[in-house]
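Asks: Structure for this input, please:
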Amino acid sequence: MNKLIIFFSVAIGVVIFIIFGLVIYKFNFAVDDGNIHTISETDVKNSTYLIDGEQITLKSGYNEKEITTNGASKKITQYFGNDVVGDFNNDGIKDIVFLLTQISGGSGTFYYLAALVSSGDKFIGTNALLIGDRIAPQTTEFRNDLIIVNYAERRSDDPFSTPPAVGVSKYYKIIDNKLNESSQTGLKL
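Replies: Numbers count the residues shown, from 1 in each chain. Model prediction:
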């Protein structure tokens with residue numbers, strides 16, 4: 001009889017633990033201050049983005065595509081980071097912007113800004129916009145409804161062997177779930 005009571009006590013405890021865990025999981029990852037927040041780094045690293053007119057699907061933050069039929073040359077796209085979370089498309093649900101890199105057989109590393117934004121009840125990858133080649137990313141920010149990417153680049157007459165040392169900021173907005181470069185005219189920071 002005691003074994004039966006212990007068994008049922010343990011079973012009830014496990015069921016309560018599972019239910020409590022699911023409630024906590026849903027609370028922490030699905031709702032916060034009334035807004036849905038389901039974006040995670042895992043989602044960002046396993047979504048599809050449009051880069052130079054081509055759909056690129058990341059798996060664990062990585063995509064590799066053969067450029068030549070013999071596999072000698074490959075285009076590699078990777079999640080870089082510099083994530084910023086904010087409601088970029090003004091729908092009350094938090095979105096995320098971040099940097100991707102792409103190399104394609106040459107010596108360049110091209111940096112792109114991309115986003116994962118809410119669209120109805122799901123999240124979609126946006127187009128990615130080129131920031132620059134062999135730059136030195138610094139910070140990404142969200143202020144005054146603008147996404148700001150700060151980085152260092154070379155002067156136009158510097159060779160690529162010169163380390164990037166000129167500070168640059170580029171400004172972006174998401175309009176109709178599409179990433180657009182924005183003018184900084186009239187920006188009050």
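Asks: In contact with Asn177, which residues?
Replies: Neighbour list for Asn177: Asn89, Val117, Ser119, Ile124, Thr126 [criterion: Cβ atoms under 8 Å, 6 or more residues apart in numbering]. (Glycine included, C-beta is placed from N, CA and C.)
Asks: Spatially nearest residue to Gly167 (excluding sequence neighbours)?
Replies: Using Cβ to Cβ, 6 or more residues apart in numbering and skipping residues adjacent in sequence, the residue nearest Gly167 is Ala152, 5.8 Å away.
Asks: Could you measure from the one you found over to Ser169?
Replies: Note on Ala152: its distance to Ser169, by Cβ to Cβ, to the nearest Å, is 11 Å.
Asks: so what strands line up beside the helix or strand Lys173 falls within?
Replies: Lys173 belongs to strand 166-175 when assigned by DSSP states H and E. Paired neighbours of strand 166-175 in the sheet (DSSP bridges): strand 146-153 (antiparallel), strand 178-182 (antiparallel).
Asks: Just the buried positions in it, please.
Replies: By neighbour count on 16 or more other Cβ atoms under 10 Å, the buried set for strand 166-175 is Lys170, Tyr171, Tyr172, Ile174.
Asks: Would you map the strands across this structure?
Replies: 31-32, 35-36, 48-51, 54-57, 62-66, 74-86, 95-103, 110-119, 122-125, 127-133, 136-143, 146-153, 166-175, 178-182 (DSSP state E).
Asks: Deepest-packed of those, please.
Replies: Neighbour counts (mean count of other Cβ atoms under 10 Å) averaged over each of these peak at strand 110-119, with a mean of 22.
Asks: What is that strand packed up against?
Replies: Packing partners of strand 110-119 (3 or more Cβ pairs under 8 Å, 6 or more residues apart in numbering; DSSP states H and E): strand 48-51, strand 95-103, strand 122-125, strand 127-133, strand 146-153, strand 166-175, strand 178-182.
Asks: please redo it, this time with the cut-off set to 6 Å
Replies: Packed against strand 110-119 by the contact rule (3 or more Cβ pairs under 6 Å, 6 or more residues apart in numbering; DSSP states H and E) you find strand 95-103, strand 127-133.
Asks: Could you dump those into JSON lines with mean pLDDT added?
Replies: Formatted as JSON lines, the helices and strands packed on strand 110-119 follow (pLDDT from 0 to 100):
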{"stretch": "strand 95-103", "mean pLDDT": "96"}
{"stretch": "strand 127-133", "mean pLDDT": "96"}
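Asks: Redo those as CSV? Include distance to Glu54.
Replies: Output for the helices and strands packed on strand 110-119, formatted as CSV (distance: least, Cβ to Cβ, whole Å):
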stretch, distance to Glu54
strand 95-103, 10
strand 127-133, 10
